[in-house]
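Engineer: prediction below, plus the sequence it came from.
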Amino acid sequence: MNMQFNVDIHKILRSDGREFTLHARFASASQRVVVFGPSGAGKSQMMKAVAGLMTPDSGRIELAGRCLLDSAAGINLPAQQRKVAYLFQDYALFPHLNVRQNIGFGLQRGWRNPLTRVEGEAIRYWMEAFELDHVADQFPHQLSGGQRQRVALARALAPQPQALLLDEPFAALDPGLRERMRAELGALQRRLEIPMLMITHDPEDVRAFGDHVLRMENGSIVRVEENAA
């Protein structure tokens, strides 16, 4: 079976006189991998390494057969060439752009002042897919938590990435909305068949998405569970 994720990285992080060692190693053929563990375990740093936002001291990262990093061979693809979508915990929407412009941003690299009206087949497709047509001209502060998450997902998926990276994707939602958004994301992932790597400290996320669960503590993967969902 082909590996979707193959990660073996080492990084020493120093801050305020303290030292933290990240030594994350795992391989998975699953399209749904959840890294579970407490805050401070190193989950976000590992995710940033996969996305190309942090460079390990040494190691190798492969995604669906593509080598993104191989320190021994001098390979380190920049983030924009890794073809991964990274959904941050706070969604990181642009406050001065409306819904249509936020979604289009990922398709129009280098924009400084996006056009008031942004059109295009891809944008229309994702707005319809996430039921955002009726809020197309609204700005992030005018949206509900669920709508902001849909916009962030649409923006991340519009460039057709080869993997979806999710950092605590439901933490900013109120409890009543989390279950519904988990169901929506789960259905979307199965429809697109896109490999997904999620980090969380919420056991409900593990139950919903944990086809392959990795427990992370103190910078290392300490336990692996197959088909835990």
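Structural biologist: Arrived safely, thanks for sending.
Engineer: got a list of contacts for the helix ranked longest in the chain?
Structural biologist: Under DSSP state H, the helix in the chain containing the largest number of residues is helix 175-192. For helix 175-192, the external contacting residues (CB atoms under 8 Å, 6 or more residues apart in numbering) are 31-32, 129, 145-146, 149-150, 153, 157, 164, 169-170, 173, 196, 204-205, 208-209. Using the backbone N, CA and C atoms, a C-beta is placed for each residue, glycine as well.
Engineer: narrow those residues to those in strands?
Structural biologist: Residues of those located in strands (DSSP state E): 32, 164, 196.
Engineer: measure the most centrally placed residue in the chain to Met196 for me?
Structural biologist: With the centre of the chain defined as its mean C-alpha position, the nearest residue by CA atoms, centre = their mean is Leu165, 2.0 Å away. For Leu165, the distance to Met196 (CB to CB, to the nearest Å) stands at 8 Å.
Engineer: thought Gln89 was touching Ala172?
Structural biologist: Yes - in terms of CB atoms under 8 Å, Gln89 counts as a neighbour of Ala172; the distance is 6.4 Å.
Engineer: before we move on, the earlier item: could you list the buried residues of the longest helix of the chain?
Structural biologist: 178, 181-182, 184-185, 188-189 (16 or more other CB atoms under 10 Å).
Engineer: do stretch 74-84 as well
Structural biologist: For stretch 74-84, the buried set under the neighbour-count rule, 16+ other CB under 10 Å, comprises 77, 82-84.
Engineer: and if you look at stretch 212-224?
Structural biologist: Per 16+ other CB under 10 Å, stretch 212-224 contains these buried residues: 212-216, 219-221.
Engineer: could you do stretch 52-65 as well?
Structural biologist: Neighbour-count burial for stretch 52-65 flags 52, 54, 56, 59-63 (criterion: 16+ other CB under 10 Å).
Engineer: and it, end to end?
Structural biologist: Start and end residues of stretch 52-65 are separated by 17 Å (CA to CA, to the nearest Å).
Engineer: residues making contact with the helix or strand bottoming out on mean pLDDT in the chain?
Structural biologist: Across the helices and strands of the chain, mean confidence by mean pLDDT, DSSP states H and E is lowest for strand 220-226: a mean of 82. Residues lying outside strand 220-226 but in contact with it, judged by CB under 8 Å, 6+ apart, are 23-26, 30, 35, 42, 210, 212-216.
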